[in-house]
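Peer 1: Any chance you could fold what I've pasted below:
(3 chains)
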Amino acid sequence: MRQRLDLDDCLDVAPRLAAGVDVSYHKESSRIVAAAVVIDLATGVEVESAVVPGQVSFPYVPGLLAFREVPILLTALGGLRHRPDVVVCDGYGIAHPRRFGLACHLGVLTGLPTFGVAKTPFVGAYDEPGARRGDWSALCEGDEVLGRVLRTQTDVKPVFVSVGHRTSLDLATTITLDLSPRYRLPEVIRRADFLSREALRRPPTP
DNA sequence: GCGACAG
DNA sequence: ATCTTGTCGC
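Peer 2: Model (predicted):
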C-alpha cells in the first residue's frame, strides 16, 4: 500500500481559514510594519489580525524579495492565535527566476500551504486573459506552466497567481476569486496592506 | 554589452 | 515599496 508523507501533500481538504500577509515600508527610515489577517472563507468575515513593527534588514533585490520580507512575515504569522489553512502572499511563488519566490520560501519555513498573488508581471510569457471575472490564461516559460494571469474583476487589470507550497494552481485560483468578491486584490491582502500602512504612520514605540 | 526586474 | 493631482464613476 502506498504511503504518502503529509509534507508532500497538497492542501486537499476544503480550507476554512485563509490568511493574507503584507509589509509596509517607511519612506525615510528603516522602519517597517507587517500585518497578517485571517478571514473565514465560508463567511468572508475577518477572524483576527496581527500587526508587528520591525526594521529593514535586507535591500530590495528583484528575485530576493523573500530575504527582505520573510523574517517579519514569520513574526506576524506567529502573532496569530489561529492556524490558517492557507496563506496568501503579496508576490510570487514558483513563477520566479529560480522557481522559488516569496510564497515558496514562506511556505517551506512555516510548513503552511501558500501561494502568491502579484500585481505586476515578473517572469514568464502570457496571452491577455478574457475580460470577465474568472477568465485566465497560463503564465509560461517554454514548456513549463508557472502560474496564471487571472481576472478577478470584469474589465479590471488581472493579477498573477502562482503556487507557493502545498497548494495546487486550481485551488489557488479558486481561493483568489473567493477572496476577491468586490476588488481586484484578495481581501486578506487588502486588509493586511491597510493595517500595516496605518500602523506605520503611528509614531514608533519608544 | 544593455535593458528589465515581485515589493 | 513610496511619492504624487487630477479624473472618472458609482
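
Peer 1: Write out the residues of chain A neighbouring DNA strand B.
Peer 2: A:22-23, A:25, A:60, A:62-66, A:90-92, A:96, A:101-103, A:116, A:118-122 (CB under 7 Å from any atom of the strand). Bear in mind the C-beta positions are built from the backbone N, C-alpha and C, glycine included.

Peer 1: I'd like to know which of the residues you listed are buried.
Peer 2: Those of the residues of chain A next to DNA strand B that meet the buried threshold are A:22-23, A:25, A:65-66, A:90-92, A:96, A:101-103, A:116, A:118, A:122, by 16 or more other CB atoms under 10 Å.

Peer 1: For chain A, which segments count as strands?
Peer 2: With DSSP state E applied, chain A shows strands at A:17-25, A:31-40, A:46-55, A:86-90, A:114-118, A:136-141, A:144-150, A:159-165, listed in chain order.

Peer 1: In a markdown table, list those along with mean pLDDT and distance to DNA strand C.
Peer 2: Below are these laid out as a markdown table (pLDDT from 0 to 100; distance: least, CB to the nearest atom of the strand, whole Å):
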| stretch | mean pLDDT | distance to DNA strand C |
| --- | --- | --- |
| strand A:17-25 | 98 | 4 |
| strand A:31-40 | 98 | 8 |
| strand A:46-55 | 97 | 13 |
| strand A:86-90 | 98 | 6 |
| strand A:114-118 | 98 | 9 |
| strand A:136-141 | 96 | 19 |
| strand A:144-150 | 97 | 17 |
| strand A:159-165 | 98 | 12 |
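
Peer 1: List the ones among the residues of chain A next to DNA strand B that fall in helices.
Peer 2: A:65-66, A:102-103 (DSSP state H).

Peer 1: Specify which member of those residues is nearest to residue A:41.
Peer 2: Closest approach to residue A:41 among those (CB to CB): residue A:103, at 17.9 Å.

Peer 1: and the nearest residue in space to that closest one that is not next to it in sequence, how many neighbours does it have?
Peer 2: Nearest non-adjacent residue to residue A:103, counting by CB to CB, 6 or more residues apart in numbering: residue A:164, 2.8 Å away. Residues lying near residue A:164 (other CB atoms under 10 Å) number 28.

Peer 1: and if you look at the one 4 residues further on?
Peer 2: Counted with other CB under 10 Å, the burial measure for residue A:168 works out to 14 neighbours.
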